[in-house]
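Undergrad: Predicted structure and sequence below. I'll ask about it afterward.
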Amino acid sequence: MESDKFFVVAIVMAIIFTGLAVYLFLLDRKLSRIEKKQSEMMEELKRKEQE
Amino acid sequence: MWWKFLGVFLVLYSIIAGLLIDVPALPVIHQTIRNLFYHVPMWFSMFFMLGTSLVFSVRYLSGFRMKDDLIASGAANTGLVMGSLGLLTGMIWARFTWGDFWTNDPQLNGAAVSMMAYLAYVVLRGSIDESAMRARISAVYNIFAFMLLVIFLGVLPRLADSSLHPGKGGNTSTMEGLDPLMRMVFYPAAIGWILIAFWLLQLHNRRRALVQGVKLNNQ
């Protein structure tokens, strides 16, 4: 197993996958922020209509 | 939120452990048996996505809420992505073990037919402009497409006389013959990829909900 150096491939693939996961995570956070902003805008619109 | 981290952790574990464990020495497939940890979870997550799609199509038909239609079509799209990855990885694997990119195997042909059924779902949706009509017709079609999927991937390959896939055409089941050490990697890999697929589905639908002005959760 040592001479195969399989672990090198494992590390490379793990880094790539971690990178993709971090990207997904940041995308997730960005979406949450936009969702929050949109619902705030909606509420403001409703308030202005009521006035 | 926690399940997203769990998904990432399980897939990471399956990538590392899947390459490092000792696998049984088998003729023909040799070390490529490790593909089991990466190729098969694609199909599992496709099944979960298309199952989610079916559930939300039925929910749409019982309440006619646009939210359900959005989730159903997003799940069908995500399922198609996972299924395409399954097909591509399977073709590569087949080329180097069975000798050809496409073999005349009931499982392969069944997968192709059911992917076509879901491509037809996408085409059908694209051809109807009126959103309520599109939602209703595609929800009904989706139930039919899922039946095709079950028949072509779940029933017919098992009834076939012979198949190169394990567990089909009278072969022993994959799970029965699976090495116990490989099980320790395979199950986490499958669960991990299913969770990742649900994460992708959620991101996809949240983006579309923002664009279309549909509210996903009851805020």
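TA: Alright, I've got the coordinates. Since we're looking at a predicted model, the values are computed, not measured. Numbers count the residues shown, from 1 in each chain, chains lettered A, B, ... in the order given.
Undergrad: any bit of stretch B:5-14 sitting next to chain A?
TA: Yes - Stretch B:5-14 lies within reach of chain A by Cβ under 8 Å from any Cβ of the partner chain, at B:8, B:11, B:12. C-beta coordinates here come from the backbone N, C-alpha and C atoms, glycine included.
Undergrad: In this structure the last one contacts residue A:18, no?
TA: Think residue B:12. Yes - between residue B:12 and residue A:18 there is a contact under Cβ atoms under 8 Å: 6.8 Å.
Undergrad: So which of the two has more stuff around it?
TA: Just comparing residue B:12 and residue A:18: by other Cβ atoms under 10 Å in any protein chain shown the higher neighbour count belongs to residue B:12, 18 against 14.
Undergrad: residue contacts, the more buried one?
TA: Neighbouring residues of residue B:12 by Cβ atoms under 8 Å, 6 or more residues apart in numbering or on different chains: A:14, A:17, A:18, A:21, B:192.
Undergrad: so how far is stretch B:144-155 off the chain centroid?
TA: 13 Å (Cα atoms, centre = their mean, to the nearest Å).
Undergrad: okay if I get the residues of stretch B:5-14 next to chain A as TSV plus pLDDT?
TA: Formatted as TSV, those follow (pLDDT from 0 to 100):
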residue	pLDDT
B:8	95
B:11	94
B:12	94
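Undergrad: Which of the residues you listed sits closest to residue B:44?
TA: residue B:11 (12.4 Å; Cβ to Cβ).
Undergrad: So for stretch B:93-110, what gets flagged as buried?
TA: For stretch B:93-110, the neighbour count (16 or more other Cβ atoms under 10 Å in any protein chain shown) marks B:93, B:94, B:97, B:103, B:105, B:106, B:107, B:108, B:109, B:110 as buried.
Undergrad: Residue A:50: which of those residues is nearest?
TA: Using Cβ to Cβ, those come closest to residue A:50 at residue B:110, 57.3 Å.
Undergrad: per-residue confidence at the closest one?
TA: On pLDDT, residue B:110 comes in at 90.
Undergrad: so it makes contact with residue B:150?
TA: No - judged on Cβ under 8 Å, residue B:110 makes no contact with residue B:150 at a distance of 10.2 Å.
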